[in-house]
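Visitor: Can you look at this prediction? I've put the sequence above it.
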Amino acid sequence: MSILIGVDIGTSNIKVIAFKNDNQIRISEKSSCDIILSTPGKVEQSPQLVLRTVNTLLKSVITQLKGATIEGVCFSAAMHSLLAVDKENHPLTNAILWSDIRSREEAHHLKTSGIAETLYQQTGVPIHPSLPLCKIMWLKENSPDLFAQTYKFISLKEYLFFQWFGKYIVDHSIAGATGMQDIHSLQWSEPALSIAGIQKEQLSQIVPVTHIETRLTDPYRNYFGIGEIPFIIGSSDGCLANLGSGVLGPDKAALTIGTSGAVRTTTSSPILHDSAALFCYPLLKNQFIKGGAVNNGGNILSWFGRNFRDDPSSPGKDLTSLINQAHAVEAGADGLIFLPYLYGERAPIWDANARGVFFGVSAMHHRGHFARAVMEGICFGLYDVFSELLQFEKNIKTISASGGFVQSDLWVQMIADIFDIEVTVNDQADASTIGAALTGWYAIGAVNRMQDSGRNAGEGRVFLPDKNKHHIYRKNFEIFRSLYDALRNEFPKLNVGGAGSEP
């Protein structure tokens, strides 16, 4: 039996899944990975902990696959992580994650100086504190001694590959998410490097997402108990979620709600937005992922459940009761509207100073109304991204949904009603992990085209929109959008620390 192992290095969870050659799951392992939260705006993770967790899960799956032929291991990883390492290849920092917003001032400077617009046209990435570009600028300004000691600036996936193979390499999707790669040449951008104050030698070598390494260092070859099995570098979780969801053309979009959220589609060439509202990342030379990610997804519902639960003694981990309370309330939450920007926001507003707001509160509103408004607010944030996307891809007819939220039919139906579009859900596995496996099959030559590797992806349950509910949601969304426009200049005046420190 032929097996391809997909590994997804997420912010909160790491997943390792063994797929048979028909893309059905043979073995699945998963583990959480703690986040370090010490001060507002600071969000980090131990690279050593991530390495140990991936190693443990991968070894467990390999051990369980005795007798099967492992064709390869391919990787998905969250974007925008950054750690500095010295000449001895030891980490000088923890991994600074995408949700860390300590580089707000650096991002603000790039925007107000007009540099951000020029960079966007070259890199395809809107400027925001999540970008490693801004984080490097912040380190240079706030930790000059550490900055001077840094030999390489890398992501978590680059750290893992160096430990396994002794090479600093990065796929061009993760490189694209740094804000320092030219999207047209798929090489490091000299203007971006100059702004960051670094040389290209301080970054990894850029390779395609199909790049293969086989020569594990002796300790890891012995640890995993394997020979020269192909390790395919893979791509970013967002790009691979499109592939895993079967979103390979302009008539479909992929929507994910996990800790954060995103809406993306696939194009054959880079398409850039005049106002820098959406990103564009490379997957293959003729496939680019266009869309936008939001900071505020399932983490917002978790925040609400944790801080406003009925029973203070409950652990607050099971959100089923909260979702049921929300759906006992009619669409529109009786006029209660929520801006979900507890952790600032990326697409489409790219505003790290934005905050959460409940608007329209009256004496009639109870906990169910607030829960409903929170869920609708998360969806409105994603619909805001989708509305921008429709300016370029007007023929989107279907959304493929993935992420933890698909466990709730009620929440998926809310997306269908708000977006006024058919939504499909693939219950097979995590879309990013499936995408990693499909990339692996393509990289080793098991299929001739990426489209063939993903031919069965994206099939599953179908949710059709309710036109009457969409009419209600559309009215509230217009208010939602105007609220941010009215308050955008007020948020910076609050000046009470970071916009949040939980990813």
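Guide: Noted; the coordinates are in hand. Since the model is a prediction, treat every value here as computed from it, not as a measurement.
Visitor: Could you pick out the longest helix of this structure?
Guide: Criterion DSSP state H: the longest helix present in the chain is helix 367-389.
Visitor: How about residues contacting the helix or strand following that helix?
Guide: Using DSSP states H and E, the next helix or strand after helix 367-389 towards the C-terminus is strand 398-402. Residues external to strand 398-402 that are found in contact with it (CB atoms under 8 Å, 6 or more residues apart in numbering): 241, 244-247, 251-257, 263, 412, 415-416, 419, 421-426, 430-432, 458. For every residue, glycine as well, the C-beta is placed using N, CA and C.
Visitor: List buried residues within these.
Guide: With burial judged by 16 or more other CB atoms under 10 Å, the buried subset of the contacts of strand 398-402 is 241, 244-247, 252-257, 263, 412, 415-416, 419, 421, 423-426, 430-432, 458.
Visitor: what residues are up against the nearest residue to M375 once chain neighbours are set aside?
Guide: Nearest residue to M375, sequence neighbours excluded (CB to CB, 6 or more residues apart in numbering): A326, at 5.3 Å. Contacts for A326 (CB under 8 Å, 6+ apart) come out as G368, A371, R372, V374, M375, L410.
Visitor: that older thread, from the contacts of strand 398-402, which ones fall inside strands?
Guide: K252, A253, A254, L255, T256, I257, V263, E422, V423, T424, V425 (DSSP state E).
Visitor: If I follow the layout properly, the fourth one ends up in contact with L382?
Guide: Yes. Taking CB atoms under 8 Å as the contact criterion, L255 and L382 are neighbours in contact, 6.4 Å apart.
Visitor: Common neighbours of those two, please.
Guide: G261, A262, V263, I415.
Visitor: Farthest-apart pair in the contacts of A326, please.
Guide: Spanning the widest gap among the contacts of A326 are V374 and L410, at 13.5 Å by CB to CB.
Visitor: Neighbour count for the two, which is higher?
Guide: Between V374 and L410, counting by other CB atoms under 10 Å, V374 is the more crowded of the two (26 against 12).
Visitor: follow-up on the earlier one: the residue nearest to M375 is in what secondary structure piece?
Guide: Assigned by DSSP H and E, A326 falls within helix 320-327.
Visitor: Now that helix: average pLDDT?
Guide: Averaging pLDDT along helix 320-327 yields 90.
Visitor: For the protein, which helix or strand comes out least confident on mean pLDDT?
Guide: helix 450-453 (a mean of 63; mean pLDDT, DSSP states H and E).
Visitor: Tell me the strands beside the next helix or strand after that helix, with direction?
Guide: With elements assigned by DSSP H and E, the helix or strand that comes after helix 450-453 is strand 461-463. Strand pairing for strand 461-463, determined by DSSP bridges: strand 422-425 (antiparallel).
Visitor: from the middle of its chain, how far away would the strand it pairs with be?
Guide: Computed by CA atoms, centre = their mean, to the nearest Å, the chain-centroid distance of strand 422-425 equals 20 Å.
Visitor: How about stretch 485-498?
Guide: 25 Å.
Visitor: Provide the contact partners of it at residue level.
Guide: So stretch 485-498 is contacted by 39-42, 101-102, 339, 349, 351, 353-355, 357 (CB under 8 Å, 6+ apart).
Visitor: need the helices for the stretch 1-150 of the chain, in chain order.
Guide: For the stretch 1-150 of the chain, applying DSSP state H, counting those that start in this stretch gives helices covering 47-64, 104-112, 115-123, 132-142, 144-149.
Visitor: and I183, which of those is closest to it?
Guide: helix 115-123 (5.7 Å).
Visitor: so what's the closest residue to P208 other than its chain neighbours scoring on pLDDT?
Guide: Once flanking residues are discounted, P208 sits nearest to H172: 6.4 Å by CB to CB, 6+ apart. H172 carries a pLDDT score of 97 in this model.
Visitor: Show the contacting residues for H172.
Guide: Q181, L186, I206, V207, P208, V209, P282.
Visitor: Of the residues you listed, which is the nearest to A77?
Guide: V209 (11.2 Å).
Visitor: Quick one: buried ones out of the contacts of H172?
Guide: Neighbour-count burial (16+ other CB under 10 Å) applied to the contacts of H172 gives Q181, L186, I206, V207, P208, V209, P282.
Visitor: Could you list the domains of this structure?
Guide: 2-238, 246-425+466-503 (automatic domain parsing).
Visitor: Mind putting those domains into a markdown table with distance to I444?
Guide: A markdown table is the format used below for the domains of the chain (distance: least, CB to CB, whole Å):
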| stretch | distance to I444 |
| --- | --- |
| domain 2-238 | 5 |
| domain 246-425+466-503 | 15 |
